[in-house]
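# Return atomic coordinates for the entry below.
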Amino acid sequence: MKRAALPGWLYILFLTLLATATDEFVVAGVLPAVAEDLEVSVAAAGQLVTVFAVVYAVGAPTLSVMCERFAKRTVLVVGLLLFVVANAVAALAPGYWFLMGARVAAALCAAAVASAAFATAAAGAPDGAQGRYLGVVTAGMTAALFSGVPLGSWLGGAFGWRATFWTIAAVAAVAAVGLLATAPAVPGSAPAPLRERLAPLRNRAVLRLVTVTFLAAGGGLMFYTYLGPYTAEVAHGSYGLLSFVLFLVGAAGLAGALLSGRAADSWGPQRSLRLVLAGHAVALALAAGLVFSGIGDRYVLTAVIACWAFFAWALTPPVQGSILAAAAPSAGMTALSLNIAGLYLGTGVAAATGGVAVGTLGIAYVPLIAAVLMALAFLLSPSAPPAHGTTSPLADPHATADPHAANT
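Model (predicted):
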C-alpha cells in the first residue's frame, strides 16, 4: 500500500526545529569572534552555549505546563516570533551581558516551540503514522548538526558573528509565517487544575522513560562530545579524517531519525525503543573494542561511527511515542517537555562525565562508559505499553487535530 505524501506543514516543523537547534550550538563555531568583539575570554563566550542548554532544559517543562491549555499553533507562532526578536537582539547586542540575556530569552522560546512542535506532529499524524511524523521533526534537530551549525559558522566567518543570528531570525520568521498559514489546528487541553497538569511528575511510566532518555543522552552525547579525540586516537593522529566523520555522523543520524519513526509505526514505540537502545549499546561497545584493540583502519572506524550515529539519533521518535502512550490525557505536551529536559540534562552531564573520564582514565574509556550507560537505559526501558492502556489525545489525531480547521 502506497504511503500518503507528507503534508507541507510537517516540513515547516522540520525547518522550525532546524532553526532552534542551530541557535543552541552555533555560538561554538564563532566563539573567537564573539570573544574578541565583546572583549571577553573564549571560556566566557562558551558559557553562551551552556546557559542556553540549561535554560532550555529547565524552561521546557515549566513553559509546557503554562502553555498546555493554548492551541498549539498559537504557541508555535507566538513562540517563533519572540524567538525572532530574541535573535535580532542578540545580533544587535552591544555587550556580553546583553547577549547573554538575549540567549536566555531565545532558549525559553525554543523550549516552548519544540514541545509544541512534537505535540503538533503527533496530533496531526494519521493513524499508524505518528512515529514517521515525529521522525521528520526530530530530523530537523539532527540536520542542524551537519548543515545549520556549519552554515552558521561559515556565515559568521564570512560576514561577522552577528550575521549568524540575523540568519537564524530570518529562518524562524519564515517558519512562523508558514505555520500560521498551514499548521493543523491542535487545540489546547481543557481547563484543569495545576495538579492534573503536573500529573507527569507523578507518573512512574513517564518518569521511567525520561530516565531512559537521560541515560541514553548521557552515553550517546558523551561519545559525540569527544569524537574528535577518539577519532585521532583510533586513526593514530589522523585529524584530517574528522571532517568526513562529522559529515558521516550527520548523514547517518538523519537516516536513523527518519527510519526509526517508521519502525515505531510498524512495531510499536516500546519495541522500537528497545531495539534502538540495544543497537546503540552494541555500537558503543564496538567503538570501545576498536580503540582497545589498536585497530587503526579508517574504514572500520567510519563503519563503527556510522552505526553508532544511526542509533544515536534514532532515539527520539520511539521514546516520544512511548511518552505519549504513558502520559495522562491532559498532559501530553508537559510529558514531552519533561523528556526534552531529560535529553538536555543528559547532554550536560555527558560533557562533564566525559571530561573526568578523559582526564583520569584516557579517551579510550569514553565509549566504554557510554556503553554502560546505554546498557542501563536498555534495562530500564519498558518492554510493553503501559498496563492502563491510556493514550494521550495527542496520539489520536482524530480527537485533537483538524488540519482543515480555521486558524486559531
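
# For the most centrally placed residue in the chain, give me its contacts.
Centroid-nearest residue in the chain: Met141, 5.3 Å away (criterion: Cα atoms, centre = their mean). Neighbouring residues of Met141 by Cβ atoms under 8 Å, 6 or more residues apart in numbering: Leu17, Leu18, Ala21, Ala257, Thr316. No exception for glycine: its C-beta is placed from N, CA and C like everyone else's.

# And the next helix or strand past whichever strand or helix holds the third one?
Meaning Ala21. Element membership of Ala21 [criterion: DSSP states H and E] is helix 8-25. Sequence-wise, the next helix or strand downstream of helix 8-25 (DSSP H and E) is helix 31-38.

# pLDDT of the helix or strand that that following helix is followed by, averaged?
Once the chain leaves helix 31-38, the next helix or strand it forms, by DSSP H and E, is helix 42-67. Mean per-residue pLDDT for helix 42-67: 81.

# for stretch 96-103, same thing?
On average, stretch 96-103 scores 95.

# buried ones in it?
By neighbour count on 16 or more other Cβ atoms under 10 Å, the buried set for stretch 96-103 is Tyr96, Leu99, Met100, Gly101, Ala102, Arg103.

# Strands of the stretch 301-408 of the chain, start to end?
Counting by DSSP state E, counting those that start in this stretch, the stretch 301-408 of the chain forms no strands at all.

# What is the helix holding Ala21 packed up against?
Judged by 3 or more Cβ pairs under 8 Å, 6 or more residues apart in numbering; DSSP states H and E, the packing partners of helix 8-25 are helix 42-67, helix 72-92, helix 96-124, helix 130-143, helix 149-159, helix 161-182.

# So which of those helices is nearest Pro269?
Of all these, it is helix 130-143 that lies closest to Pro269, at 6.4 Å by Cβ to Cβ.

# Tell me what angle the closest one forms with helix 8-25.
40 degrees (axes from the mean of the first three to the mean of the last three Cα atoms, to 10 degrees).

# what angle do helix 130-143 and helix 149-159 make?
Between helix 130-143 and helix 149-159, the angle comes out at 30 degrees (the same axes, to 10 degrees).

# Report the inter-axis angle for helix 130-143 versus helix 161-182.
Using the same axes, to 10 degrees: helix 130-143 against helix 161-182 is 160 degrees.

# In the chain, where is pLDDT below threshold?
Within the chain, the segments meeting pLDDT under 70 span 1-4, 146, 149, 189-201, 237-240, 328-333, 384-408.

# domain ranges for it?
1-185, 196-384 (automatic domain parsing).

# Would you list the phi and psi of Ala185?
Phi and psi for Ala185, reported as degrees, to the nearest 10, are phi -80, psi 100.

# wait, doesn't it sit right on Leu76?
No - using Cβ atoms under 8 Å, Ala185 is not in contact with Leu76, being 11.5 Å away.

# Comparing these two, which shows the higher neighbour count?
Set Ala185 next to Leu76 and count neighbours by other Cβ atoms under 10 Å: Leu76 wins out with 28 against 20.
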